[in-house]
Every structure is written in structure tokens, then in C-alpha cells.
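Undergrad: kindly return the folded structure for what I paste below:
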Amino acid sequence: MRASGDKISVVIPVFNRRHEVLRAIASVLRQERQADEILVVDDGSTDGSAAAVAGLNEPRIKLLRHDTNRGAAAARNTGIAAARGAWVAFLDSDDEWDASKLRLQLAALSDASSGAPAGVTGFVLEDSRIGVRQSVHPAARDATFDAIASGCFLGLGSTLLARRAVFDEVGLLDPELPRLEDWEWLMRYLPAHPLGVLPEALAIVHKGSDPSVGRVTAALARIRTKHRRLWYQHSWLAGRKFDSTLLVEEAAASYYARDLTRAALLSLRALSAYPFRGPGFVGLLLRRALRSRESRARDAQSRSQI
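TA: Numbering: from 1, shown residues only. Below is the predicted model of the structure:
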């Protein structure tokens, strides 16, 4: 029997992902270091997701349900509140873990020299929207307060492992945020705590769709209200970078919604707010411009064939 201080609770929020959540759970059951409980929070699904999970008859699974859809942040919070382990791990219902994920991450965070009560790992991003598969290998420099002024690229939704007590200190995820709740939580966590980083890609993050521009815009407005003053208190340059990142996020949502004119204007405003985003951002804009041109050409060809 494990000591209570070593037990891990895995929190999986799910909304209408009957088949994907079974894949996610299977990856938890394959762990070399087994989870002590698996808290699946059904966030008002109507596709039989809860029944599919219940049908596994796995004694470590505890199925929690919301009567209505309340969002990923609220679902994770329900899981955290019910967790009995000293450690809480997040896994999104459409993602999966490498079999060594919990073993390696727990060992790294349990090392007294780390001093980090929470950590993330690298991950493989499979983006079916644009047919791209890439490995993301974060470094320690990417997991600092200054670094996240440029956005959150750490995959917290499926790579975070944290001591349960951290959520009592820092607070839960903001349930009013329809998106970007992980980024906002880090803005509260990182000023007081280090974040451990394992660069190995120990999760697979599947991305097949994007939220509506309205949901992204609402989230950005709330984050701006909560944190803009604090970023400028940190430094004027950090505040400008934060303002720029808000515009970048809105531009990305507009781009994937095919509102290319708005995406271009927001991107230019982002560069104006903080012109030092680097060649990577310029390269991203060029790639998007190329894809937009190709998309317009395909649309024109399709119309000509009607």
C-alpha cells in the first residue's frame, strides 16, 4: 500500500467525446506507475460518454457528473475537489499519455532538489486541422513568469502534475473562463512557485477544432481585466508583451475562423504593441499568409467548377 503522500489522482474532464475518452483512460491504465484513482468528470455530455466510462467497470474510476455543460475549468475543479491523492494530474479527454509519463514526472518532482510543487512535460502535437505532427520540448526558461507573457505553450491540460495542496494556495481554475484557463492559472502560480519541466514528449495532444472567436474574445477580455495591471507592475515591457499576446490569441482565433482580414489586422496590432516577438512570429505570419492564399485559390477553383 502506498503512503498517502505518494498517491496520484488523475482528473479527466469530458464533454461529448465517448470514443476519445476511452482512449485517454486506456493510456492511464497502461502507466508504468499506476494512478491511484481516475476521476472522470462528465460535463453534461449527451452522447453516452458517461455510460461508456461506467461500462469499463474499472474500480479506480470515479465518475462525477455535471447536469449541464459548465466548461473544462469547472470540470477540472470538480475533479480537484474530489481528489484524495496528494498529487493531481490533468489529462484532456481527447489526449493520451506515454506509458512512462507518471513514473518519470513523479520521480522528477519528488526529488528534493527540484523544489517544484508542480511540473509539466513535453508533448507531441497532432493537429489534424492542418495535417501537422510536431514534438514540443519545453525548457526551464519556457516555464517562468516572464516567459508566459508570450502565451502558454506548455500543454497543462494533459501534462500538469501538481501537489493537491497547491490548488488550496493558488486557487482553482477560473470557471468563468471559456478558454485559456491554464494560462490564467499559471499567472497566479508562477510568481510564487517554480514549475518543473521534463522536456521529453510524454503526452500526445490531439487538436482537431477550435473554439468560436466569441469564446476566445470573452476569455481574453476577462484575463485582461484580471491581470493587465499586474503585468505592467512587473515591468512596462512585460505589460506590452502581454497586450501583444492577447492580440495574437485573438488573431489566431480569427484566422482559423477564416476571417483573414481581421486576423491580419490583429497581427499587425500585436507587432505594434511589442515589435520584438522574433523571427518565429514573423515566420508564422508568412505561413498563415501562404495557407490563406492557397485556400483562396482552392475556393476560386471550386467556384469555377460549379
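
Undergrad: show me where pLDDT drops low in the stretch 1-150 of the chain?
TA: Applying pLDDT under 70 to the predicted model, the residue ranges of the stretch 1-150 of the chain that meet it are 1-5, 112, 128-131.

Undergrad: for it, just list every one of the strands.
TA: With strands called from DSSP state E, counting those that start in this stretch, the stretch 1-150 of the chain shows them at 8-14, 37-43, 61-66, 87-90, 96-97, 118-127, 132-136.

Undergrad: relative to Thr144, which of those strands is closest?
TA: Each of the strands of the stretch 1-150 of the chain was checked against Thr144 via CB to CB, and the shortest separation belongs to strand 118-127, namely 12.4 Å. C-beta here means a position set from N, CA and C on the backbone, and glycine is covered the same way.

Undergrad: please export the C-alpha coordinates of that closest one as PDB.
TA: Included here for strand 118-127 are C-alpha records, laid out as PDB according to Å, rounded to 0.1, in the frame of the first residue of the first chain:
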ATOM      1  CA  ALA A 118       4.100  21.200  -9.900                       C
ATOM      2  CA  GLY A 119       5.500  20.300 -13.300                       C
ATOM      3  CA  VAL A 120       4.900  19.800 -17.000                       C
ATOM      4  CA  THR A 121       6.300  17.600 -19.700                       C
ATOM      5  CA  GLY A 122       6.900  17.900 -23.400                       C
ATOM      6  CA  PHE A 123       4.300  16.500 -25.800                       C
ATOM      7  CA  VAL A 124       3.600  15.600 -29.400                       C
ATOM      8  CA  LEU A 125       1.000  17.900 -31.000                       C
ATOM      9  CA  GLU A 126      -1.100  16.200 -33.600                       C
ATOM     10  CA  ASP A 127      -3.000  19.000 -35.400                       C
END
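
Undergrad: direction included, what does that strand pair up with?
TA: strand 132-136 (antiparallel), strand 161-163 (antiparallel), strand 196-207 (parallel) (DSSP bridges).

Undergrad: could you look over the ones you listed and pick the most buried one?
TA: Each of the strands paired with strand 118-127 was assessed for mean neighbour count using mean count of other CB atoms under 10 Å. The highest is strand 161-163, with a mean of 22.

Undergrad: run through who's touching it.
TA: 8, 86-89, 102, 105-106, 109, 117-120 (CB atoms under 8 Å, 6 or more residues apart in numbering).

Undergrad: do that again at 10 Å, thanks
TA: Contacts with strand 161-163, where a contact means CB atoms under 10 Å, 6 or more residues apart in numbering, come from 5, 8, 10, 80, 85-90, 101-102, 105-106, 108-109, 116-121, 156, 169-170, 185, 189, 193, 195-196, 198.
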